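**Student:** task: produce atomic coordinates for the following.
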Amino acid sequence: MSDPGSPTSRPDEPLDLVRLCLDEIVFVKLRGDRELQGRLHAYDSHCNLVLGDVTETIYKMDDLDEEDEDTAPAEIKTIKKQSEMIFVRGDSVVLISPSVPS
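**Tutor:** Numbering: from 1, shown residues only. All right, here's what the predicted structure looks like:
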């Protein structure tokens, strides 16, 4: 078993990876077609997160008229929001990544 105080220790638990991301930019995927990118300030065992300098991306499907359903494909709108600080409830977190997907 590795020394938990050692910064170069190999992660033994899944949340050890999150600990290594403290004060780093992370990508967080949430339920409800939402994504966050920001600096991880704090977390707990429930994956509640505190993020700073956050960009929130919301993906929303355009509602189509009944007449247009067969002819036009649904459009996905992207809405971006900026926040200085945000608290994320852990039960909405699907994924936490230290790198931004390309």
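
**Student:** hey, let's count contacts and neighbours off CA atoms from now on
**Tutor:** Fine.

**Student:** which residues does the residue most central in space within the chain contact?
**Tutor:** For the chain, residue 28 is the residue whose C-alpha lies nearest the centre (Cα atoms, centre = their mean; 1.3 Å). Neighbour list for residue 28: 35, 36, 37, 93, 94, 95, 96, 97 [criterion: Cα atoms under 8 Å, 6 or more residues apart in numbering].

**Student:** look at the closest residue to the first one other than its chain neighbours and give its secondary structure.
**Tutor:** Counting by Cα to Cα, 6 or more residues apart in numbering, residue 35 lies nearest to residue 29, which is 4.5 Å off, once chain neighbours are set aside. Assigned with DSSP: H, G, I helix; E, B strand; the rest coil, residue 29 falls in the strand class.

**Student:** which residues touch residue 29?
**Tutor:** Going by Cα under 8 Å, 6+ apart, residue 29 touches 35, 36, 93, 94, 95, 96.

**Student:** quick one: the last one from residue 80, how far?
**Tutor:** Same thing as residue 96. Relative to residue 80, residue 96 is positioned 19 Å away (Cα to Cα, to the nearest Å).

**Student:** go on, the first one?
**Tutor:** Counting by Cα to Cα, the separation of residue 35 from residue 80 is 10 Å.

**Student:** same thing with the fourth one?
**Tutor:** From residue 94 over to residue 80 the distance is 19 Å, taken as Cα to Cα.

**Student:** again, but for the second one
**Tutor:** Residue 36 sits 10 Å away from residue 80, going by Cα to Cα.

**Student:** find the residues that touch each one of those two.
**Tutor:** Counting by Cα under 8 Å, 6+ apart, the shared contacts of residue 36 and residue 80 are 55, 56, 57.
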